[in-house]
Structures are given as structure tokens and as C-alpha cells.
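Trainee: build me a model from this:
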Amino acid sequence: MIPFNLPFKSDKAAFFIREALEKNQLSGNGFFTQKCQAFFEEKYNFKKCLLTHSCTGALEMAALLLDIQPGDEVIIPSYTFVTSASAFALRGATIRFCDSLPDRPHIDPNHIRELINEKTKAIVLVHYGGVACDMEELQQIAEVHQLVLIEDAAHAIDGFYRGIALGSFGQLAAFSFHGSKNISAGEGGLLVINDEKLIEKAEIIWEKGTNRAAFFRGEVDKYEWMKLGSSFAPSELVAACLWGQLEYLNYIKNKRLEIWKRYFEALKPLRESGKIAYPDISEFADHNAHIFYLLC
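Mentor: You can find the predicted model right below:
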């Protein structure tokens with residue numbers, strides 16, 4: 001059997017996990033959590049990053065942040081993983097599934113326009129295979145209709161749209177570090193908050209509804225319960241494993257691109273005979289070789 005995915009095995013992961021054990025702080029928001037969050041903020045110029053226990057958790061945080069309620073509608077790609085929808089359905093939202101473009105599995109902007117009504121609160125897009133959606137058009141739709149744009153960037157670490165990192169365009173974005181992703185901590189995710197007005201609220205939701213993050217920074221003399229939240233932060237062992245992978249980010253991407261190109265060349269006869277179609281990589285997309293998919 002050819003495995004679906006082989007996660008990269010970092011020789012530094014065990015070293016950093018051992019270091020986390022020696023620091024005697026295994027719960028979340030410790031040394032390695034903060035290193036990982038700073039890495040994404042500095043490398044990709046994201047406003048604020050919060051490590052989560054999964055990409056699902058990051059999307060569920062997004063739904064809480066936006067105060068999604070029964071009666072709200074959220075537009076979701078019809079071709080996606082279940083949690084793109086379930087995170088918002090859990091808050092009572094009506095999910096409006098949007099069709100794909102004819103030549104690729106990305107959300108169709110024209111169908112989005114047809115689905116928008118007075119109940120629409122947010123648009124979720126998926127950068128399938130680490131290949132960018134047309135962000136200029138999607139941002140324009142969101143701005144015209146005053147809707148929140150959320151990037152489900154589970155596949156898309158180190159992918160770009162016209163040179164700008166995916167995860168930079170929506171008010172919110174979610175990444176995955178599941179075992180099937182380019183960068184893996186076994187499980188794990190990241191919520192990116194690009195709207196500065198949402199940062200304080202996001203920290204409170206992330207810390208179980210308390211202002212503990214502000215307390216640890218010395219901004220308040222005690223922490224207390226502020227609003228509804230949950231336990232979204234991963235353990236320091238997960239963060240340490242992730243840090244061991246992030247140090248190899250460029251190597252992993254280049255190796256995957258090399259393999260992606262081998263598939264591209266080797267399968268050309270099937271493509272030329274009309275038996276399959278290839279992934280459509282738009283001129284604006286610098287992809288990360290997350291998936292080489294075929295249309296049969």
C-alpha cells in the first residue's frame with residue numbers, strides 16, 4: 001500500500017520535548033507555545049497568533065469570536081472537510097454550501113453572491129491543496145456586503161497569493177498541524193487574528209473565558225472569568241514537537257515540491273490522452289505542494 005501521507009520526522013522534536021519536560025510546565029501557553037506563535041507573527045506578519053489543540057478548535061474559536069447565533073448564516077465551500085461547517089453549526093448557524101469553480105475545488109465567487117442575504121454573517125473559504133483562492137475578488141465581496149472573511153488555511157502553511165502569505169487576508173484564519181499536513185505535531189492548530197479589535201476577546205476565549213493572558217503579562221493584578229470560552233491551547237509537549245518541525249519548514253516545502261513535480265511529469269501521458277486533469281495552479285498562487293490531486 002502507498003500511504004496517504006508520511007509525516008516528516010524531525011530529529012529535533014524529541015530534543016525539544018525533553019526540554020519541555022525539564023522546564024516543568026506542560027500545560028499550555030508556555031515557552032514553546034510562545035515561540036511558535038512568535039514565529040508565525042514574525043515570518044508572515046500576522047497580527048496575532050494563538051496556538052490551538054486543532055484546526056477544528058481554531059475554527060470553533062472563530063465562531064465564538066464572531067458570536068455566531070441561531071439564525072445567522074455562514075457560507076461554506078461544499079468541497080471541504082466537515083469541520084469547516086461543524087464549527088459554525090455548533091453555534092446554531094445555518095450552513096449555506098457554495099459550489100466549486102468549474103476547473104478547481106475552490107469556492108465560486110459568483111455562487112457566493114447568489115447566497116448572500118440579510119442573515120449572512122461570514123464567508124469561509126478553503127485554500128485547497130495549499131493553492132490560493134482568488135483573494136482580491138473574495139475580499140471585495142466581503143467588503144461590499146460587510147461580511148467577515150475567514151480563511152480555512154488547514155492545507156496552506158507557507159502558501160502565498162501574489163507574494164502575500166495565506167492567512168493574511170481574512171479577519172480570521174485557521175491552520176492545521178494534523179499528522180496529514182506539511183508541518184505536523186500529530187495534532188494541533190493555529191488561529192490567526194488579523195482584526196485588532198478581536199485580539200483581546202480571542203485571548204479571553206482561548207484562556208477558558210478568563211483574562212489570564214493579561215495577568216501573565218502583568219496587565220492586571222489577578223485574573224478572573226470574563227465571558228464564555230473554552231480550553232483551546234495545546235500542551236507544551238505538542239508545541240515543542242511543532243517547534244521541532246518549524247525549523248525544517250523550508251526543507252519540507254522544497255522536498256514536497258520536488259515530489260509534486262515528479263508526479264506532474266510522470267502522469268503527463270494520462271493527461272495528454274484525456275484520461276485525467278491536473279491541479280489548476282493559478283498565476284497568482286505560490287503553492288506548498290500539500291496535495292497532488294487528479295480529476296478523473
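
Trainee: any idea how far residue 174 is from residue 237?
Mentor: According to CB to CB, to the nearest Å, residue 237 and residue 174 sit 22 Å apart. Glycine gets a C-beta too; all of them are placed from N, C-alpha and C.

Trainee: more crowded one of the two?
Mentor: residue 174 (30 against 17; other CB atoms under 10 Å).

Trainee: and the closest residue to that one other than its chain neighbours, its phi and psi?
Mentor: The shortest distance from residue 174 to any non-neighbouring residue, by CB to CB, 6 or more residues apart in numbering, is to residue 58 (3.7 Å). Taking degrees, to the nearest 10, you get phi -60, psi -40 for the backbone angles of residue 58.

Trainee: could you do residue 174 as well?
Mentor: The phi/psi pair for residue 174 (degrees, to the nearest 10) reads phi -130, psi 130.

Trainee: what's the pLDDT at it?
Mentor: Predicted confidence (pLDDT) at residue 174: the value is 98.

Trainee: give me the contacts around stretch 191-199.
Mentor: Contacts of stretch 191-199 from elsewhere in the structure, counted by CB atoms under 8 Å, 6 or more residues apart in numbering, are 40, 46-50, 52, 57-58, 61-62, 65, 151, 153, 167-175, 202, 206, 232.

Trainee: cross these against helices and list the overlap.
Mentor: When DSSP state H is applied, the contacts of stretch 191-199 are split such that 40, 57-58, 61-62, 65, 202, 206 fall in helices.

Trainee: just the strands in the stretch 51-200 of the chain please.
Mentor: Shown for the stretch 51-200 of the chain, the strands assigned by DSSP state E, counting those that start in this stretch span residues 73-77, 94-98, 120-126, 148-152, 160-161, 164-165, 172-176, 189-193.

Trainee: Throw these into a markdown table and include distance to residue 289, thanks.
Mentor: Formatted as a markdown table, those follow (distance: least, CB to CB, whole Å):
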| stretch | distance to residue 289 |
| --- | --- |
| strand 73-77 | 21 |
| strand 94-98 | 26 |
| strand 120-126 | 17 |
| strand 148-152 | 18 |
| strand 160-161 | 13 |
| strand 164-165 | 16 |
| strand 172-176 | 16 |
| strand 189-193 | 20 |
